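Undergrad: Return a 3D structure for these sequence lines:
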Amino acid sequence: MKNDTNHPHTAPHRLSPSTQRAIFLLSLATFCSMAVQRICDPMLPELSRVFSAPISEVSKVISFFAIAYGLMQLFYGPLGDRFGKYRVVMLASLGCSVACLLSGLSGNLDGLVAARVATALVAAAIIPLSLAWVGDTVHYEQRQETLARLGLGTMLGITAGQLFGGLLTDTLGWRWAFMLMATAFASVSFLLWQQHKHLEPAAQQAHAPLGFFKQLKQVAFNPWARTFLSLALIEGATVFGVLAVTAAHLHQVHHISLTLAGGTTALFGLGGMAYMATAKKTIQRFGEVGLALYGGLSFGIAFVVVAFSPWWQLALPSCFVAGFAFAMLHNTMQAKATQLLPTARATGVTLFAGFMFLGQSLGVLVLAELFNHVSSQYVLGADALLVCALGLFLSRAIAKRNATQADHA
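TA: Numbers count the residues shown, from 1 in each chain. Model prediction:
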């Protein structure tokens, strides 16, 4: 089932059981992918102690992961379009299991960073190709709601990564967090393999689109694509960047345990889950423009509270609200990303993911360095204001594009 235009058209309202099960399994894969990205966030203070290195140095386990993840998008987009998105996700999940095992067995910081980079090299395929698979399989008017259901795995992954990263670091030790992820990835890969033979022919389809550099040329000469990818870069730097250092902020400023700090930031994921549970009504109520605007503003306000509140307890509802707001903003961007290159959807979505994670790597490096020179309160506060500006600009850009498309219709 292909959807190569931005205009809704008549389509079945019920997905087939096979497609629904595939979406569920892909959500498990995205759960693991996001959890392994976020699992090191609450570990940073402990890794700093274990390896006798400053926070800015051990933060490489996050920032280098993001750099590798972003660069690999240039590879997985064409690969998914040519050999099948679902199949590549299945194999990538298996590769992540091996890489997580290597992370748990690392004997020094350099070895851990190298293992994290290896994890990123394969994990990079999972979320963007899952989104692109939905783009190929589900009509546009149902797509944002379906992406929200798929995104439930992503939000749960944020929660699980933050929570178990802190919990296992405080109890059994940081290595066990990676062993847990290795087991989870292996299980998901097996389930995806079992389901692959039951997919409908259209859902297994692979094709060889235009050459990758011709696709890049299309993007380079498209004003909307340039604007959208720039916003993805900013989102990665501001939203994912600040999320990576929030647990460290709570631990250092309020002197709470890593378990409590990780559990508090895990509420970000629960807030995202709340959005996913109410996505249909929320999308109908606000529309794309409202989701972008109110998502960005609400996130910024919530993190101003996290940054400057003298009581750490206020970070609990604030992280929840920030997660709900982020999901509003990001789900809108995901839906737009599936239409960036409709004739080569995996390439379009992976370009979006690549810019976003390049932004994340830059954001983590900059924010972690600023932590060494400036109070973390001001770092988080300034970042929150940037997210407010992002939401405002994105909402206006979407409104202008929708008006232009309406004029041409």
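Undergrad: what about Ser52, which SS state?
TA: At Ser52 the chain is in coil, as set by DSSP: H, G, I helix; E, B strand; the rest coil.
Undergrad: Let me see the contact set for it.
TA: Shown here is Ser52, which makes no contacts under the criterion C-beta atoms under 8 Å, 6 or more residues apart in numbering. Glycine gets a C-beta too; all of them are placed from N, C-alpha and C.
Undergrad: and it, backbone torsions?
TA: phi 50, psi 50 (degrees, to the nearest 10).
Undergrad: Point out where the protein drops to low pLDDT.
TA: Residues of the chain that meet the criterion pLDDT under 70 lie in 1-14, 140-141, 198-216, 219, 342-344, 346, 405-409.
Undergrad: starting at the chain centroid, how far to the lengthiest helix in it?
TA: Scanning the chain for the helix with the most residues, using DSSP state H, yields helix 376-408. On the basis of C-alpha atoms, centre = their mean, to the nearest Å, helix 376-408 sits 18 Å off its chain's mean C-alpha point.
Undergrad: next one: stretch 58-68
TA: Using C-alpha atoms, centre = their mean, the mean C-alpha position of stretch 58-68 is found 15 Å from that of the whole chain.
Undergrad: again, but for stretch 17-33
TA: Averaged C-alpha coordinates place stretch 17-33 at 15 Å from its chain's average position (C-alpha atoms, centre = their mean).
Undergrad: Need phi/psi at Thr171.
TA: Main-chain torsions, Thr171, degrees, to the nearest 10: phi -110, psi -80.
Undergrad: Tell me how many other residues crowd it.
TA: For Thr171, the count of nearby residues is 9 (other C-beta atoms under 10 Å).
Undergrad: roughly how far apart are it and Phe164?
TA: In this view, Thr171 and Phe164 are 10 Å apart by C-beta to C-beta, to the nearest Å.
Undergrad: which residues does Lys60 contact?
TA: Contact analysis of Lys60 by C-beta under 8 Å, 6+ apart lists 109, 113.
Undergrad: Against His373, how distant is it?
TA: Counting by C-beta to C-beta, the gap from Lys60 to His373 is 18 Å.
Undergrad: Might you report the residue contacts of the closest residue in space to Gly165 that isn't next to it in sequence?
TA: Closest residue to Gly165 apart from its sequence neighbours, by C-beta to C-beta, 6 or more residues apart in numbering: Ile39 at 4.1 Å. Ile39 is in contact with 161-162, 164-165, 177-178, 181, counting by C-beta under 8 Å, 6+ apart.
Undergrad: and with 10 Å instead?
TA: Ile39 sits next to 61-62, 100, 103, 116, 157, 160-166, 168-169, 174, 177-178, 180-181, 262 when contact means C-beta atoms under 10 Å, 6 or more residues apart in numbering.
Undergrad: Repeat that for Ser103.
TA: Neighbour list for Ser103: 36, 39-40, 61, 111-116, 118-119, 174-175, 177-179, 181-182 [criterion: C-beta under 10 Å, 6+ apart].
Undergrad: helix/strand/coil for it?
TA: helix.
Undergrad: Could you check the angle the strand or helix carrying Gly354 makes with helix 376-408?
TA: Assigned by DSSP states H and E, Gly354 belongs to helix 345-371. For helix 345-371 against helix 376-408, the angle between stretch directions is 150 degrees (axes from the mean of the first three to the mean of the last three C-alpha atoms, to 10 degrees).
Undergrad: what about helix 345-371, distance to the chain center?
TA: Offset of helix 345-371 from its chain centre (C-alpha atoms, centre = their mean): 10 Å.
Undergrad: Gly354 - nearest residue in space that isn't next to it in sequence?
TA: Per C-beta to C-beta, 6+ apart, closest to Gly354 is Gln73, 3.2 Å.
Undergrad: What segments of the stretch 151-300 of the chain are helices?
TA: All helices of the stretch 151-300 of the chain, identified by DSSP state H, counting those that start in this stretch, fall at 174-196, 201-204, 212-220, 223-235, 241-254, 258-277, 279-308.
Undergrad: quick one: the fifth one to chain centroid distance?
TA: Right, helix 241-254. 19 Å.
Undergrad: before we move on, back to that, now do the shared contacts for Thr171 and Phe164.
TA: In the contact map built from C-beta under 10 Å, 6+ apart, the residues linked to both Thr171 and Phe164 are Thr259.
Undergrad: who does the helix or strand where Met333 lies touch, helix- and strand-wise?
TA: Per DSSP H and E: Met333 is located in helix 315-337. Contacts defined by 3 or more C-beta pairs under 10 Å, 6 or more residues apart in numbering; DSSP states H and E place helix 315-337 against helix 126-137, helix 140-170, helix 223-235, helix 241-254, helix 258-277, helix 279-308, helix 345-371, helix 376-408.
Undergrad: any idea how far Leu25 is from Cys32?
TA: The gap separating Cys32 from Leu25 is 11 Å, by C-beta to C-beta.
Undergrad: picking that back up, which other helices and strands contact the longest helix of the chain?
TA: Packing partners of helix 376-408 (3+ C-beta pairs under 10 Å, 6+ apart): helix 223-235, helix 241-254, helix 279-308, helix 315-337, helix 345-371.
Undergrad: hey, what's in contact with both of Cys32 and Leu25?
TA: Each of 93, 153, 188 lies in contact with both Cys32 and Leu25 under the rule C-beta under 10 Å, 6+ apart.
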